[in-house]
Every structure is written in structure tokens, then in C-alpha cells.
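Enquirer: Everything below, folded, please.
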Amino acid sequence: MLQNQGREMLIVTSGAVAFGKQRLRHEILLSQSVRQALNSGHNQLKDMALPVLEARACAAAGQSGLMALYEAMFTQYSTCTAQVLVTNLDFHDDQKRQNLNSTLQELLRMNIVPIINTNDAVVPPPEPNSDLQGVNVGTGSMGWRRWQRGY
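Expert: So this is what the prediction gives:
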């Protein structure tokens, strides 16, 4: 609705790690042999020990699913979207920031909604529990504020 009113819209999103974690756990459960499932007790799915999944692998597995979800949602309203993955370097390096700005401006000019997400498949691992303490890992809010001000 806002885009149809002539406003430039972009979405900053998160969720690839969670999406991928769910997807990878499902794949692990499907790959368990029947014997492993039977040996795990009467409530086989709950009792199976699932391995700890690395966040970057989850992000890599979840990014396409997350974008497919956005694509399906926006297609219902005849709105085109584009995925833009970023890292801290895209905000701190002048040339990369200019490239990001140029890409976003061109997408907005074409009335395409950019869906921006941290490329969590390649970022360094966060400090333990940093997301629980209100520390934004990945690009962080500072990067977005700098981009919005045109730095």
C-alpha cells in the first residue's frame, strides 16, 4: 500500500539462521535410519539427540527459504522484491558502501522492494549470548544509521 502511494520501501530482515536451523533439523530427522528411530524409545522424534548446528551453516541453508517466503508474500500483491545480502565491510569500506547505495537506489528507482539481510553465512561467529544481551551481531544498527545518513 505504501509503495503504491509512491513511497520508497525497503525491508531490513532477519531470520535466515532460524529458518535454516528448522530446515536442517528436519533434514537430520529424515536421514535417521529406521533402526536409530526405533532404538530411541517410544517417542522417537522427541528422544533423538540432534546435533548442535553451526549458525553460519544454518544461515546458508535458510536464506533461500526466507527469500522464497518473501517472494511468495509480495507476489500476491504484484510487488517485485530483490535480495541484498550485506556484511560490516559493506558499511565501513567507502567503495562497497557506494556500491550498496547505488544498488539500493537503482532497485528503488525501478519500484522493486529491496529485502536486506546480513550475510550470516560469512560473518564471524558472535560472542556467546551476545544476541541475548541486546548486542546486534552482523551489520549492526550503526551500519544502517550510517547508510541512512548517506555516509
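Enquirer: For the longest helix along the chain, list every residue counted as buried.
Expert: In the chain, taking DSSP state H as the definition, the longest helix is helix 55-75. For helix 55-75, a neighbour-count test (16 or more other Cβ atoms under 10 Å) marks 55-56, 58-63, 66-67, 70, 74 as buried. Quick note: C-beta positions are derived from backbone N, CA and C, even for glycine.
Enquirer: Please enumerate the strands of the chain.
Expert: Along the chain, counting by DSSP state E, strands occupy 11-12, 81-86, 113-118.
Enquirer: which of these is buried the deepest?
Expert: Compared across the strands of the chain, strand 113-118 shows the largest average neighbour count, a mean of 21 (mean count of other Cβ atoms under 10 Å).
Enquirer: got any ranges where this structure has weak pLDDT?
Expert: 33-50, 125-151 (pLDDT under 70).
Enquirer: rerun that using 90 as the cut-off
Expert: Residues of the chain meeting the criterion pLDDT under 90: 1-7, 14-15, 25-55, 88-89, 118-151.
Enquirer: sorry, back to before: I'd like the buried residues of helix 55-75 laid out as a markdown table, including distance to residue 84.
Expert: Output for the buried residues of helix 55-75, formatted as a markdown table (distance: Cβ to Cβ, whole Å):
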| residue | distance to residue 84 |
| --- | --- |
| 55 | 20 |
| 56 | 19 |
| 58 | 20 |
| 59 | 15 |
| 60 | 17 |
| 61 | 19 |
| 62 | 16 |
| 63 | 12 |
| 66 | 13 |
| 67 | 11 |
| 70 | 12 |
| 74 | 15 |
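Enquirer: Which of these sits closest to residue 25?
Expert: residue 58 (9.2 Å; Cβ to Cβ).
Enquirer: Report the contact partners of the closest one.
Expert: 16-21, 24 (Cβ atoms under 8 Å, 6 or more residues apart in numbering).
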